[in-house]
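K.L.:
Please work out how this folds:
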Amino acid sequence: MSALSTKLEPTASYSNSPPPQRRSPLEAEGRYRWNRGNYSITRRRIDIWGFVLTLLYQFWLNGKKWSYAGGYTEEKLQQRQRRQAKWIRENLLSLGPTFIKVGQLFSTRSDLFPTEYVEELSKLQDEVPAFSYEQAASIIEGELGKPITTLYRSFDPVPLAAASLGQVHKAQLHTGEDVVVKVQRPGLKKLFTIDLAILKKIAQYFQNHPKWGRGRDWNGIYDECCKILWQETDYLREGRSADTFRRNFRGEDWVKVPRVYWRYTSTQILTLEYLPGIKISHYDALEAAGLERKELAQLGARAYLFQLLNHGFFHADPHPGNLAVSPEAGALIFYDFGMMGEITPDTKNKLMDTLFGVAEKNAERIVNSLVALGALKETEDMGPIRRSVQFLLDNFMDKPFEEQSITKISDDLYEIAYDQPFRFPATFTFVMRAFSTLEGVGKGLDPDFNFMAVAQPFALQIMNNSNGFNPASNIMDELGRQAVQVGNSALGLPRRIEDSLDRLDRGDIRVRVRSTETDRLLRRMGTMQMGTNYVLFTCALVLSATLLFVNNYFVAAAVVLLISLVPAFALWRLLKRLERQDRMF
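P.N.:
Below is the predicted model:
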């Protein structure tokens, strides 16, 4: 949430009567029940579970081909999913702050949801009404322990912007500095407590679901969401993140970060330096200020790579609302430090191993590094995963590095990851989302912008720093590494053979053989057995109806005859399925 890159209104004195608040049409319609002072917890449960169960019904209906008018096609499924995605976004918005944030987090999880849903969730913005000046003043005075007149020389009662977690007011300190005051939405923590308790039950339901729970850690996803949401409600933590971010760019004059006024900051109040700028997506204003759009696109990519590679501490939500440009110096200005990411040295080393695997087109090395990162769950048969990764590598490496698109790469990666045992950590998804967002920002500024072309020198530098600059040395290192692997394998081979023989003697070894033809025949036999059952049920019901009819029980005979249509219809569908399978082989 950033208001500093928007058009600012004149500052009003806190001593004047506050002007009428701007109200969202949605609020006027009463859609935001969560925004009321006294809301019913029971009603909240009904609203949330009603949304979840309706969503599950829609997902169930997607798999039923008879529910498509005119017959099922892949295009009709995608159209329906796009409509559902829009409905999901609108309902998350009406359910309030918790679900807006959860939806924004899920917009990074293409390993969980199809592309149509993720694309729509990525449009989810904080479009919620502002709360009143009286509520904001009460929170400020309660948190800082002094009247607003004592704290500020002037305080604008009309917020510059409102978001799901809070809103921003412009003010001036008695020492003369212009500041912005971020005030947390009243009752937010109480709402989070209620919503997260309900979400925990929903996560458990999904975990135990026969389809949606298979291969997914919904409880782990819930814990991750809880952690991120509670961190965003702690403005002291956000202030510390802003300070760290500012220190990291201390020696760079091409990036500006507002400083924190700690005397006027608490867990629910954050006071920052007033750094107005031109929103990075206001292209006409940038050109009017004489700023070069192509250079700004390069600057944005450079700033993000600087964060990742130099410090490992990065802004996880660099959308256009959180990025502005100083009209005087042309420097980038960052806002909103509630969602930050951090790459530890250990994670960085494992990511480097993945990067080397990509450079070598070595799917085995990539899979092993992803397992070590916790981004991939190890299964009994990793062959399909390795083949998927190799397919991605073969397609990824066909084009020159400079022609690659971050968005396309991440889409391909998520397409492979969907419904596979990939479990992308929050840091990984934050990085990929930030890369994609910055590429979109860059292309808006410069249609010819390519993030990968900017990133190439940084990638080469970090690989050279890790491996050294001497190609001969790299070859010798690789030969040494392979020699060690061969030596370890040779020395450990007798012991492994002995262990295998012992397990074979004990009967602990199970041999699994899979034959596609055998599997097909077994499925056909099972289908035929089910068809036989349907025939028996149909015949028994028809015979019963006939006996009832002969004995003048006409109504009962008609009812039984109608019931017999159910197994008859099931038998017809089964025969059609067998016919399709026969055509396939």
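K.L.:
what's residue 97 sitting at in phi/psi?
P.N.:
The phi/psi pair for residue 97 (degrees, to the nearest 10) reads phi -50, psi -50.
K.L.:
Who are the contact partners of the closest residue to it other than its chain neighbours?
P.N.:
Spatially, and ignoring its direct neighbours in sequence, residue 97 is nearest to residue 164 (3.8 Å; C-beta to C-beta, 6 or more residues apart in numbering). Glycine gets a C-beta too; all of them are placed from N, C-alpha and C. The contact partners of residue 164, taken as C-beta atoms under 8 Å, 6 or more residues apart in numbering, are 96, 97, 100, 101, 126, 128, 185.
K.L.:
Run through who's touching whichever helix or strand residue 231 is part of.
P.N.:
Using DSSP states H and E, residue 231 maps to helix 218-232. Helix 218-232 has contacts (C-beta under 8 Å, 6+ apart) with 98, 101-102, 105, 109, 112, 165, 192, 196, 199-200, 203-204, 206-207, 212, 237-238, 338-339, 423, 426.
K.L.:
mind running it again at 7 Å?
P.N.:
98, 101-102, 105, 165, 192, 196, 199-200, 203-204, 206-207, 237, 338-339, 426 (C-beta atoms under 7 Å, 6 or more residues apart in numbering).
K.L.:
Tell me how far the helix or strand following it lies from the chain's centre.
P.N.:
Per DSSP H and E, helix 218-232 leads on to helix 235-248 as the next helix or strand towards the C-terminus. Distance of helix 235-248 from the chain centroid (C-alpha atoms, centre = their mean, to the nearest Å) equals 24 Å.
K.L.:
Report all helices and strands that helix 235-248 contacts.
P.N.:
Counting contacts by 3 or more C-beta pairs under 7 Å, 6 or more residues apart in numbering; DSSP states H and E, helix 235-248 packs against strand 269-273, strand 313-315.
K.L.:
Identify each buried residue in that helix, please.
P.N.:
Buried residues in helix 235-248, counted by 16 or more other C-beta atoms under 10 Å: 235, 237, 238, 239, 240, 241, 242, 245, 246, 248.
K.L.:
which residues sit against it?
P.N.:
Outside helix 235-248, the residues touching it (C-beta under 7 Å, 6+ apart) are 182, 184, 231, 257-260, 262, 265-270, 272, 311, 313, 315, 334, 337-338, 340.
K.L.:
how about a cut-off of 6 Å?
P.N.:
For helix 235-248, the surrounding residues in contact (C-beta atoms under 6 Å, 6 or more residues apart in numbering) are 231, 257, 260, 265, 267, 270, 311, 337, 338, 340.
K.L.:
Are any of those buried, and if so which?
P.N.:
Buried among the contacts of helix 235-248 (16+ other C-beta under 10 Å): 257, 260, 265, 270, 337, 338, 340.
K.L.:
Please name the nearest non-neighbouring residue to the last one.
P.N.:
With C-beta to C-beta, 6+ apart as the criterion, residue 340 has its nearest non-adjacent residue at 4.7 Å, and that residue is residue 241.
K.L.:
how far away is the one you found from residue 339?
P.N.:
For residue 241, the distance to residue 339 (C-beta to C-beta, to the nearest Å) stands at 9 Å.
K.L.:
where exactly do the strands run in the stretch 101-250 of the chain?
P.N.:
Secondary structure of the stretch 101-250 of the chain (DSSP state E, counting those that start in this stretch): strands at 152-155, 161-162, 166-173, 178-184.
K.L.:
Off-centre distance for the third one?
P.N.:
I take that to be strand 166-173. Averaging C-alpha positions (C-alpha atoms, centre = their mean) puts strand 166-173 30 Å from its chain's average.
K.L.:
now stretch 255-263
P.N.:
29 Å.
K.L.:
go on, stretch 217-233?
P.N.:
The answer for stretch 217-233 is 12 Å, by C-alpha atoms, centre = their mean.
K.L.:
Only the buried residues of that stretch, if you could.
P.N.:
218, 221, 222, 224, 225, 228, 229, 232, 233.
K.L.:
Closest one of the residues you listed to residue 575?
P.N.:
residue 218 (38.1 Å; C-beta to C-beta).
K.L.:
The closest one and residue 121: what is the separation?
P.N.:
For residue 218, the distance to residue 121 - C-beta to C-beta - is 17 Å.
K.L.:
Where does the prediction get shaky in the stretch 451-585 of the chain?
P.N.:
452, 455-456, 458-496, 498-520, 580-585 (pLDDT under 70).
K.L.:
re earlier: need the max-distance pair from the buried residues of helix 235-248.
P.N.:
The span of those, defined through C-beta to C-beta, is set by 235 and 248 at 20.1 Å.
K.L.:
Which pLDDT value goes with residue 444?
P.N.:
Note on residue 444: pLDDT of 84.
K.L.:
whoops, residue 112 was the one
P.N.:
68.
K.L.:
for residue 371, same thing?
P.N.:
So residue 371 comes in at 75 (pLDDT).
K.L.:
That one: which element?
P.N.:
helix 363-373.
K.L.:
ditto for residue 329
P.N.:
Counting by DSSP H and E, residue 329 is found in no helix or strand.
K.L.:
What is the burial count for it?
P.N.:
Residues lying near residue 329 (other C-beta atoms under 10 Å) number 13.
K.L.:
Chain neighbours aside, what residue packs nearest to it?
P.N.:
Per C-beta to C-beta, 6+ apart, closest to residue 329 is residue 253, 7.3 Å.
K.L.:
Checking the one you found next. Helix, strand or coil?
P.N.:
What DSSP: H, G, I helix; E, B strand; the rest coil gives for residue 253 is coil.
K.L.:
Kindly list the main-chain dihedrals of it?
P.N.:
When read as degrees, to the nearest 10, the backbone of residue 253 gives phi -90, psi 0.
K.L.:
Over to residue 42?
P.N.:
According to degrees, to the nearest 10, residue 42 has phi -60, psi -40.
K.L.:
Near it, how many residues? Count them for me, please.
P.N.:
Neighbour tally, residue 42, other C-beta under 10 Å: 8.
K.L.:
how close does it sit to residue 198?
P.N.:
Applying C-beta to C-beta to residue 42 and residue 198 gives a distance of 11 Å.
K.L.:
so what's the backbone phi/psi at the residue of the chain most remote from its centre?
P.N.:
When distances are taken from the C-alpha mean of the chain, residue 551 lies farthest, 65.9 Å away, according to C-alpha atoms, centre = their mean. Residue 551 has phi and psi values of phi -90, psi 20 when expressed as degrees, to the nearest 10.
K.L.:
Which residue ranges of the stretch 301-450 of the chain form strands?
P.N.:
Counting by DSSP E, counting those that start in this stretch, the strands of the stretch 301-450 of the chain are 313-315, 323-325, 332-334, 340-342.
K.L.:
most packed of these?
P.N.:
Comparing the strands of the stretch 301-450 of the chain by mean neighbour count (mean count of other C-beta atoms under 10 Å), strand 323-325 ranks first with a mean of 25.
K.L.:
hmm, back to that, chain center to the helix holding residue 371: distance?
P.N.:
On C-alpha atoms, centre = their mean, the centre of helix 363-373 falls 22 Å from that of its chain.
K.L.:
Now do it: which elements does it pack against?
P.N.:
With contacts defined as 3 or more C-beta pairs under 6 Å, 6 or more residues apart in numbering; DSSP states H and E, the packing partners of helix 363-373 are helix 345-360, helix 383-396.
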